[in-house]
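Undergrad: Give the three-dimensional model of this entry:
(2 chains)
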Amino acid sequence: MELNAAFRKELPAFAVDICLHLDSRQPVLGLMGPSGSGKTTLLKCLAGLLEIDSGFIELNGKLLADTARGLSLTPQERKCGYLFPNFALFQNLTVAENIRCGLLRLHLAAQEEKSELAALLRRFKLAGYEKRYPKNLSWGEKQRLALARLAASRPKLILLDEPFGGLDDELRQEVSGELRLLLQESGALAVIVSHRRDELLPLCQNILRINRGRAEKVLSC
Amino acid sequence: MYALDWSPLWLSLKTAVCTTLIVFLLGLAAAWQTGRLPARRQLFWDSIFTLPLVLPPTVTGFFLLWLFGTNGPLGRLCRELLGFSFAFTWAGTVLAAAVIAFPLLYRSARAALEQVDPDLAAAARTLGMGEAAIFRKVLLPNALGGLIAGAVLAFARSLGEFGATVMLAGNIAGLTRTLPLAIYSSAAAGRWQEAALYAGAAALLGLAAVFFLNLFLYRSSKKREG
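TA: Prediction:
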């Protein structure tokens, strides 16, 4: 397991210019920085939701993007799990249907899909909520649904954008435990964006501080 | 008192229903594909697709007649390959109304698709969903309100279509004489009572379309709040 990336992405006010390395000894990187410093842009570049202007991204020996070769895989091909700050749940679909969107990629037989879905519902404490719509869920339930959908697609790289939102301390503990479990179980590499160091400390091996798109400081946890 | 010829009413309704179905599919497809283009090409296609809205309908009709007329480049192609003609036929009323109503559906669909949170499509992409599945499962259900509003506008507009229809399909009683043409013909011939009845029918149809549109928008806004 290894992520190597060095790329540049021009933004109107500055450029994100960053070098990243993750491997099995340090699989989780925290990303900190003031608002508008390019954290989300960086995640989107990794996921393929934004095109990089120069450089490369390599995950587990496979090139996801390399401008020198004119290569850029689509987000579908990159197999990155992305958690959006607002969760981006499909409001017109039920809890079960939302999770099934993540399972599509695995091309399971109907029976297998059913048991996989049941396992995910149990694992993310959503059993009994199958037929509910996202708007009828609490904040914590919405996040668990977003994580269940993400986990369903079995990503090789997990990208979490502000998973702690504006939570109070009690909920923060709960989310932190939830995320730690998810990262352990999935065995995937991960990048977590937050603007608070205390949220990142329990989850990450390293924390990268960025400002105006550039690395300012690396902290070991 | 003589029996009123109701064929213009049926012709208008038939034309408007067919036109709305065709324009819904084409306008939606055009809006979806244009929205995925880079900004510059988007601007180009957006202008082309909006053109019938800003041109006088007779000008659009003139171009259609030139293209699809008996000796027009596309008209000849249709005749020789399909044995089919748009000029002075009922199909001509549908074509004329479709071209005129297209921008209304297209622009409503563009706006409706654009107001769907882009993170939803982005999330679907990271989950591995294909673009067609994203359109069907994510974009379409979230844009439905705007699409239906556009369809009602297109329906109402094609009911009222006059200029392009008269240029391309002519004003043939029982064949291409839709309500607006019948009103014009009756009034021009001094048959005021007939013209008034046709005009009344047209006004009622238009009113009904707008009423159902407002009802639908009211209900869906209530649903969103609730």
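
Undergrad: Residue ranges in chain B under the pLDDT threshold?
TA: Low-confidence segments of chain B (pLDDT under 70): B:1-2, B:223-226.

Undergrad: List the buried residues in the helix of greatest length in chain B.
TA: Longest helix in chain B, counting residues (DSSP state H): helix B:192-225. Going by neighbour count (16 or more other CB atoms under 10 Å in any protein chain shown), the buried part of helix B:192-225 is B:Glu194, B:Ala195, B:Leu197, B:Tyr198, B:Ala199, B:Ala201, B:Ala202, B:Leu205, B:Ala209, B:Leu213. C-beta coordinates here come from the backbone N, C-alpha and C atoms, glycine included.

Undergrad: Of those, which is the nearest to B:Thr58?
TA: B:Ala202 (19.4 Å; CB to CB).

Undergrad: Around chain A, which positions in chain B sit nearby?
TA: Listed as neighbours of chain A in chain B under the rule CB under 8 Å from any CB of the partner chain: B:117, B:119-120, B:122-130, B:133, B:137-138, B:141-142.

Undergrad: Mark which of those are buried, thanks.
TA: B:119-120, B:122-129, B:137-138, B:142.

Undergrad: what's near enough to touch the most centrally placed residue in chain A?
TA: For chain A, the residue sitting closest to the mean C-alpha position, by CA atoms, centre = their mean, is A:Leu159 at 2.0 Å. By CB atoms under 8 Å, 6 or more residues apart in numbering or on different chains, A:Leu159 lies in contact with A:Leu43, A:Leu46, A:Ala47, A:Cys80, A:Gly81, A:Tyr82, A:Leu83, A:Ala190, A:Val191.

Undergrad: Where does it sit: helix, strand or coil?
TA: Under the three-state scheme (DSSP: H, G, I helix; E, B strand; the rest coil), A:Leu159 adopts strand.

Undergrad: For A:Gln91, see how far away it is.
TA: According to CB to CB, to the nearest Å, A:Leu159 stands 22 Å off from A:Gln91.

Undergrad: likewise B:Trp10?
TA: From B:Trp10 across to A:Gln91, the span is 41 Å (CB to CB).

Undergrad: Who has more neighbours out of those two?
TA: A:Gln91 (15 against 12; other CB atoms under 10 Å in any protein chain shown).

Undergrad: Do a quick rundown of the strands in chain B.
TA: Read by DSSP state E, chain B holds no strands at all.

Undergrad: And chain A, by the same measure?
TA: A:2-10, A:15-23, A:28-32, A:54-59, A:62-66, A:71-72, A:80-83, A:157-161, A:189-193, A:206-211, A:214-220.

Undergrad: So which of those is the most surrounded?
TA: strand A:80-83 (a mean of 27; mean count of other CB atoms under 10 Å in any protein chain shown).

Undergrad: mean confidence score for it?
TA: Averaged over strand A:80-83, pLDDT sits at 96.

Undergrad: Now the most centrally placed residue in chain B: closest residue in space that isn't a chain neighbour?
TA: Nearest to the geometric centre of chain B sits B:Ala101, at 3.0 Å (CA atoms, centre = their mean). Spatial nearest neighbour of B:Ala101, chain neighbours left out: B:Ala154 (4.0 Å); criterion: CB to CB, 6 or more residues apart in numbering or on different chains.

Undergrad: now do B:Leu104
TA: Per CB to CB, 6+ apart, closest to B:Leu104 is B:Leu153, 4.5 Å.

Undergrad: and the longest helix seen in chain A, does that touch chain B?
TA: Ranked by residue count under DSSP H, the longest helix found in chain A is helix A:169-186. No. Helix A:169-186 stays clear of chain B (CB under 8 Å from any CB), getting no nearer than 14.4 Å.

Undergrad: Run through the neighbouring helices and strands of that helix.
TA: The elements that helix A:169-186 packs onto, with contact taken as 3 or more CB pairs under 8 Å, 6 or more residues apart in numbering or on different chains; DSSP states H and E, are helix A:139-152, strand A:157-161.

Undergrad: List the strands paired with the shortest one, with their directions.
TA: Strand partners for strand A:157-161, identified by DSSP bridges, are recorded as strand A:80-83 (parallel), strand A:189-193 (parallel).

Undergrad: Brilliant, that's me finished.
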